[in-house]
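1. prediction below, plus the sequence it came from.
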Amino acid sequence: MSYSLDSCVPAPVCKDKTYKMDSLDRYKNINEYLGDSEKVDWVGQGEPVIYDGHTLLTMPPKSVGTVLATTTYMWYGNVKARVKTARGKGVVTAFILFGDVKDEIDFEWVGVDLETVQTNYYFQGIPNYDNSGNISVPSNSYDNFHEYEIRWTPEEITWLVDGKVGRTKKKSETWNATANQWNFPQTPSRVQISLWPGGLESNAKGTIDWAGGVIDWNSDDIKTNGYYFATFGEIKVECYNAQNAPGTNKRKSYYYNDISATNNTVVDSDKATIIKSLAATGLDMNIDDGSHANDNVNSVPGGSAPPGQVPGGSNSGQGNTAGASKGCTTDGFTQSCNSKAGGNSGGVRVADRTGASALAVIVGIAGLLLL
């Protein structure tokens, strides 16, 4: 199956911005967002809470947690966040970059190891867990704020903790001779932060084991606070600002001009990003169904799985195929606008990815909040 990129709504370009994370005034539930990044900074699902000048991502008992994503996309650049993680077996905190074609760069913490942060990256959702690497955290990540940073250029990714380089991966090390391509994240991606239950009993055993075990919904944190929580302070985005592609952000939006969805196919354009309703698509952004919810949603900017649909996400190995006939589907917080039906030959549909990648699990779990 292939998808028509034309039906996908263009993504707002990168803007240098410091998010103070002390207010939810510019936050909107994903079901209500129609693409105006001038008015909305974050979209999300779950129960974010403001406490002591910071944003708490919460996970009450038997819930699937909270996930937030920026409304603008970063095509290379630098992003840093002050974070105090959650704790407990099966409880996972994440701070990542994630694109609509499943390019991904991760920081993730499992709640049973508060001295380590895990890093990983993916190209178009192709599962390769050899790409992971751990970085030691200077002190307990639950009790103490630390600054976590991703520096992403067309040539390399660098992960830093408190200003100290913990890991670097060069594009030159990612050549896939079989596919004749660089397996390196290279397309516009949004900052996402989340708290999610890797140890949910219904998850795959490998995911539960990786997350430190089945979640205890009767833990002291649940009894005391009513939820697990991760604390996010200031998040700062600095765009790459290249003079020529790749990595420009001179206009209004990004879209792809070729189904391969690599950085040489990204267009920095003046196309609009705002749609009339959740029934609209990139082919007709002015469809107005008279509501902000529709069972046939298939191209919401940063959209999510429609109510009643099986949410996409690689943890389950099931892709949401709603709207496939129009060429673009949504799952979690992305549009599935990549195309190739083969695994190692290039881009893959979300349905083809079946590992325990934590970000993929987030995408799948986030969609459950709509059901």
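-> Sure thing, it's come through. Residues are numbered from 1 along each chain as shown.
2. C-alpha from now on. contacts and neighbour counts both.
-> Will do.
3. tell me what the host helix or strand of Glu238 is packed against?
-> If you go by DSSP states H and E, Glu238 is part of strand 228-239. Applying 3 or more Cα pairs under 8 Å, 6 or more residues apart in numbering; DSSP states H and E, one finds that strand 228-239 contacts strand 17-19, strand 54-59, strand 77-84.
4. let's have those strands in a markdown table, adding distance to Leu160.
-> A markdown table is the format used below for the helices and strands packed on strand 228-239 (distance: least, Cα to Cα, whole Å):
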| stretch | distance to Leu160 |
| --- | --- |
| strand 17-19 | 18 |
| strand 54-59 | 22 |
| strand 77-84 | 9 |
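5. need the winner for burial among those strands.
-> Mean neighbour count, computed with mean count of other Cα atoms under 10 Å, is highest for strand 54-59 among the helices and strands packed on strand 228-239, reaching a mean of 24.
6. mind listing the strands that strand pairs with, and their directions?
-> strand 48-51 (antiparallel), strand 228-239 (antiparallel) (DSSP bridges).
7. could you check the angle it makes with strand 77-84?
-> The directions of strand 54-59 and strand 77-84 differ by 80 degrees, with axes from the mean of the first three to the mean of the last three Cα atoms, to 10 degrees as the criterion.
8. next helix or strand past strand 54-59?
-> Where DSSP H and E defines the elements, the next helix or strand beyond strand 54-59 is strand 66-70.
9. ok, which stretches of the stretch 151-300 of the chain are strands?
-> All strands of the stretch 151-300 of the chain, identified by DSSP state E, counting those that start in this stretch, fall at 156-161, 164-170, 175-176, 181-182, 189-197, 228-239, 253-256, 266-269.
10. surely Asn29 meets Gly44?
-> Yes - using Cα atoms under 8 Å, Asn29 is in contact with Gly44, at 5.0 Å.
11. which one of those two is surrounded by more residues?
-> In this view Asn29 and Gly44 are compared by other Cα atoms under 10 Å, and Gly44 has more residues nearby, 28 against 13.
12. how about the helices in the stretch 101-250 of the chain?
-> For the stretch 101-250 of the chain, the helices defined by DSSP state H, counting those that start in this stretch cover 205-210, 220-225.
13. for these, which one sits closest to Trp75?
-> Closest to Trp75 of those is helix 205-210 (Cα to Cα; 29.8 Å).
14. which strands or helices does that closest one pack on?
-> Identification of packing neighbours for helix 205-210 by 3+ Cα pairs under 8 Å, 6+ apart yields no helix or strand.
15. now that helix: buried residues?
-> For helix 205-210, burial by neighbour count (16 or more other Cα atoms under 10 Å) applies to 205, 207-208, 210.
16. any idea how far Pro61 is from Leu200?
-> 11 Å (Cα to Cα, to the nearest Å).
17. and if you look at Asp36?
-> Computed as Cα to Cα, the Asp36 to Leu200 distance reads 34 Å.
18. same question, Met59
-> For Met59, the distance to Leu200 (Cα to Cα) stands at 12 Å.
19. pretty sure Arg251 contacts Asp270?
-> Yes - the pair Arg251 and Asp270 qualifies as a contact (Cα under 8 Å) at a distance of 5.6 Å.
20. what's across from the spatially closest residue to Phe95 that is not a sequence neighbour in the sheet?
-> Closest residue to Phe95 apart from its sequence neighbours, by Cα to Cα, 6 or more residues apart in numbering: Ile193 at 4.6 Å. Going by DSSP bridges, Ile193 is paired in beta bridges with Leu68, Phe95.
21. count of neighbours near Ile193?
-> The local packing of Ile193 (other Cα under 10 Å) involves 24 other residues.
22. quick check: pLDDT value at it.
-> With respect to pLDDT, Ile193 has a value of 98.
23. next: the one 4 residues further on.
-> The predicted structure scores Pro197 at 98 on the pLDDT scale.
24. so it makes contact with Val67?
-> No - taking contacts as Cα under 8 Å, Pro197 lies outside contact range of Val67: 11.5 Å.
25. which neighbours do the two share?
-> Common neighbours of Pro197 and Val67 are not found (criterion: Cα atoms under 8 Å, 6 or more residues apart in numbering).
26. SS state for the most centrally placed residue in the chain?
-> The residue lying closest to the centre of the chain (Cα atoms, centre = their mean) is Phe98, at 3.8 Å. Recorded secondary structure, Phe98: strand (DSSP: H, G, I helix; E, B strand; the rest coil).
27. contact partners for it?
-> Phe98 makes contact with 104-105, 189-192 under the criterion Cα under 8 Å, 6+ apart.
28. remind me which residues of the stretch 201-350 of the chain are low pLDDT?
-> Scanning the stretch 201-350 of the chain for pLDDT under 70 picks out the ranges 291-350.
29. if I look at Gln181, how far off is Gln124?
-> Separation of Gln181 from Gln124 (Cα to Cα) stands at 12 Å.
30. repeat for Asn134
-> Note on Asn134: its distance to Gln124, by Cα to Cα, is 22 Å.
31. which of the two has more neighbours?
-> Shown here are Asn134 and Gln124; by other Cα under 10 Å, Gln124 has more neighbours (30 against 15).
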